[in-house]
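Q: predicted model, plus sequence, below.
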There are 2 protein chains.
Amino acid sequence: MPRQSKKSPEKSFANANSRNISLKELAVHLGLSPTSLSIVLNDAPTANSIPQETKDRIFKAAAKFNYRPNYFARSLRAQRSFTFGLLVPELSDGYSAMVLNGVESVLSTEGFFYLTASHLHREDLLEHHPQMLIERQVEGIIAVDTPIRFNPTLPIVNVSGHDKIEGVTNIVLNHDSAAKLGIEHLYELGHRKIAFIKGQDFSSDTEIRWQTIMQAAIEKGIEIDDDLIVQLEGENPSPETGYAATQKLLARKKKFTALFAFNDISAIGAIRALCEADCRVPEDVSVLGFDDTYAAAFHNPALTTIKQPLFEMGSLAAKTLLQKLAEPNRHFAQTLTVEPKLVIRRSTAQFSQK
Amino acid sequence: MPRQSKKSPEKSFANANSRNISLKELAVHLGLSPTSLSIVLNDAPTANSIPQETKDRIFKAAAKFNYRPNYFARSLRAQRSFTFGLLVPELSDGYSAMVLNGVESVLSTEGFFYLTASHLHREDLLEHHPQMLIERQVEGIIAVDTPIRFNPTLPIVNVSGHDKIEGVTNIVLNHDSAAKLGIEHLYELGHRKIAFIKGQDFSSDTEIRWQTIMQAAIEKGIEIDDDLIVQLEGENPSPETGYAATQKLLARKKKFTALFAFNDISAIGAIRALCEADCRVPEDVSVLGFDDTYAAAFHNPALTTIKQPLFEMGSLAAKTLLQKLAEPNRHFAQTLTVEPKLVIRRSTAQFSQK
DNA sequence: TCGTTTTACTAAATCGTTTTACTAAGTAAA
DNA sequence: TTTACTTAGTAAAACGATTTAGTAAAACGA
């Protein structure tokens, strides 16, 4: 292999060593003013008074020197950052990540980037991070399963948010449908004694999910026994919390034939606890998850679950926020609703009186 | 609740409606020059010639009007962004997310943020995204399981990178140890006919992991049968690929007593395929994973796996990159190695000749 | 042929900081 | 009493773009 000289002109990296060229330098090179270049390169309205020949000269030189407008200078002048802030509890729980995928799929086509900040449910970070993002001049914030603890001075979309705050659009699942799908599925399988794992208090969906599930249960005439309700505790994003909650539930020695978990992660923890207590899933106890993250389909047994369209919620959030920027005076709905789907796999089964 | 007047002065949101104050405005208010304020607020060397009384006046006014220096103006002047770029294949596979957690834990204490870009293993994005990040003036790039397809004109740390590129520091697992841990574990359990799932060609670790595993196997006198090697195909980040690969393996009807998977995700897919073929794990076949993501511990059966310290690899990457910025002339090691750990759970067991 | 419009540009202001290079007054030293 | 230093600041340039408000020359119309 030939020893690479520092001056060797490589095809695509020709100007890698020379520092980025500025508009002024390029203008000097062309014997024109920076103004003219700016007008032409941005195709400003005045550009039509510039002859094509000159335009071509400018374009060619810009390409040759690989001119890129300085992001800070441009942003300072335009008072725009083309950046959103993303507030998430944590990244590795599978939930936020799928929402982010949806967000990114939209933003990347629009020249937007995003800054991520994980608050880990810590009160100090819930106040501090949004401030930092705003200081960084983000043009809007997408919060995921995150309470809004700051004054919303810029456009905000809250995925799974439920607080009605002026200027904040919530993207929420149709929880009524979700609860009905879950309860009716278990009901039709013959389950009447159903245990429930509620979410942690800090999860945005905890309250609404619980309310709608109770409502759906009442409509079906299913009795909700306080002894069959447990709640997740702690911020561990692993199945650990669901495991601990289910152990607590089992310790109460109350009989149940189905368990409706807060999410897939806790369902997986629950299955472990049931397993250890010699309860077979689904033969002895049916387990129903929520979310349909990647973990669900390939768990053993495969989780029956209520699917949230997380990717779509993310892309909808991004689209909505972009629209809010484009039309600052338009009034936006406080809530956008997406529909759940029941995904039947192997963790639920017909209840057979033995 | 009292109807909230728009002019009601709220404690912490006092200036929420008034646009951010600039240094110049604050200077006018104080009857001083912007220069003086800048010197005092940044505690520049010259600040010691300014009397404490004046300093206090400035601090008080800055606090009162909640003055925040404009990020763009400051960055433009200082030619610094306090931002890193993060290149990842995808976020929802559990691997990148854990690395990001580690990265963020370090950056958030240093006033740094990061922009994330997922390349989805697409060649166009592998070229385009780094360029975009550089245009955004990121001060460095952390790549995770991502090939460097661009000219490294700024400091780079590549988590699980193996290419030796000038200016790029790789953070890698001690693959020799990892392979030995895995192979020796299976060997000690009595396994001699071992099947292997290789990673996709695009995964950074595929080659080195395979080489070290072969080496370790040879050292133990384990014969590697070509018919017992399959490779993951496609970019689906779910266990689907491992499932498909294992089906292919089973179709060959060659006997094996253990399966060493490329990672936990594919191990989970493999278990599903084995299950469907009426192979019990671990009674008939032991399955060994890699990574120890959250999915591993609570899978059924719980995965025995080679743990990578992903969080630490992320935080080490961030620390290293910060150091590179702080000491641009220092020479940095091309490779930083972290140690794996064998985590024994339930998916591997003694091979019993039946 | 004069006035207007179009063409082809440019100078200077602006965005909001930080930094460099001063000034002017007071104090200390010789 | 002059020189030198410290104190307490400030004016202006710089970072690199975009935008406003021009100008000078050419073309056009009556």
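A: Arrived safely, thanks for sending.

Q: what residues of stretch A:197-208 count as buried?
A: Within stretch A:197-208, the residues that count as buried by 16 or more other C-beta atoms under 10 Å in any protein chain shown are A:197, A:198, A:199, A:200, A:202, A:203, A:204, A:205, A:206, A:208. C-beta here means a position set from N, CA and C on the backbone, and glycine is covered the same way.

Q: just the closest of the residues you listed to residue A:348, please.
A: Closest to residue A:348 out of the buried residues of stretch A:197-208 is residue A:197 (14.9 Å), distances taken as C-beta to C-beta.

Q: next helix or strand past the host helix or strand of the closest one?
A: Element membership for residue A:197 (DSSP states H and E) is strand A:194-198. Later in the chain than strand A:194-198, the nearest helix or strand by DSSP H and E is helix A:206-219.

Q: average pLDDT for the very next helix or strand once past that following helix?
A: Next helix or strand after helix A:206-219 toward the C-terminus (DSSP H and E): strand A:229-231. In this model, strand A:229-231 has an average pLDDT of 98.

Q: the strand holding residue A:197 pairs with which strands?
A: Partners of strand A:194-198 in the sheet, by DSSP bridges, are strand A:229-231 (parallel), strand A:258-260 (parallel).

Q: so which of these gets nearest residue B:143?
A: Short answer: strand A:229-231, nearest of the strands paired with strand A:194-198 by C-beta to C-beta, at 40.5 Å.

Q: before we move on, the earlier item: and the strands paired with strand A:194-198 as CSV, adding mean neighbour count?
A: Shown next, in CSV, are those (neighbours: other C-beta atoms under 10 Å in any protein chain shown):
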stretch, mean neighbour count
strand A:229-231, 19
strand A:258-260, 29
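
Q: show me where chain A has strands.
A: Assigned by DSSP state E, the strands in chain A fall at A:83-88, A:113-118, A:140-144, A:156-159, A:168-173, A:194-198, A:229-231, A:258-260, A:286-291, A:304-307, A:335-338, A:341-343.

Q: and residue A:174, what is it in contact with?
A: Residues near residue A:174 by C-beta atoms under 8 Å, 6 or more residues apart in numbering or on different chains: A:337, A:338, A:339, A:340.

Q: the second one against residue A:313, yeah?
A: Yes. Applying C-beta atoms under 8 Å, one finds residue A:338 in contact with residue A:313, separated by 5.8 Å.

Q: what's the residue lying closest to residue A:117 once chain neighbours are set aside in contact with, if anything?
A: Leaving aside its sequence neighbours, residue A:117 sits nearest to residue A:129 (C-beta to C-beta, 6 or more residues apart in numbering or on different chains; 4.0 Å). With contact set as C-beta under 8 Å, 6+ apart, residue A:129 has these partners: A:87, A:117, A:119.

Q: residue A:40 is in contact with residue A:55, correct?
A: Yes. If you go by C-beta under 8 Å, residue A:55 and residue A:40 touch, sitting 5.2 Å apart.

Q: mutual contacts of those two, please.
A: Shared contacts of residue A:55 and residue A:40, defined by C-beta under 8 Å, 6+ apart, are found at residue A:47.

Q: tally of neighbours for the closest residue to residue A:50 other than its chain neighbours?
A: Nearest residue to residue A:50 in three dimensions, chain neighbours excluded: residue A:40, at 5.9 Å (C-beta to C-beta, 6+ apart). Per other C-beta atoms under 10 Å in any protein chain shown, the neighbour tally for residue A:40 reads 20.

Q: how about residue A:29?
A: Residue A:29 has 13 nearby residues by other C-beta under 10 Å.

Q: roughly how far apart are it and DNA strand D?
A: 12 Å (C-beta to the nearest atom of the strand, to the nearest Å).
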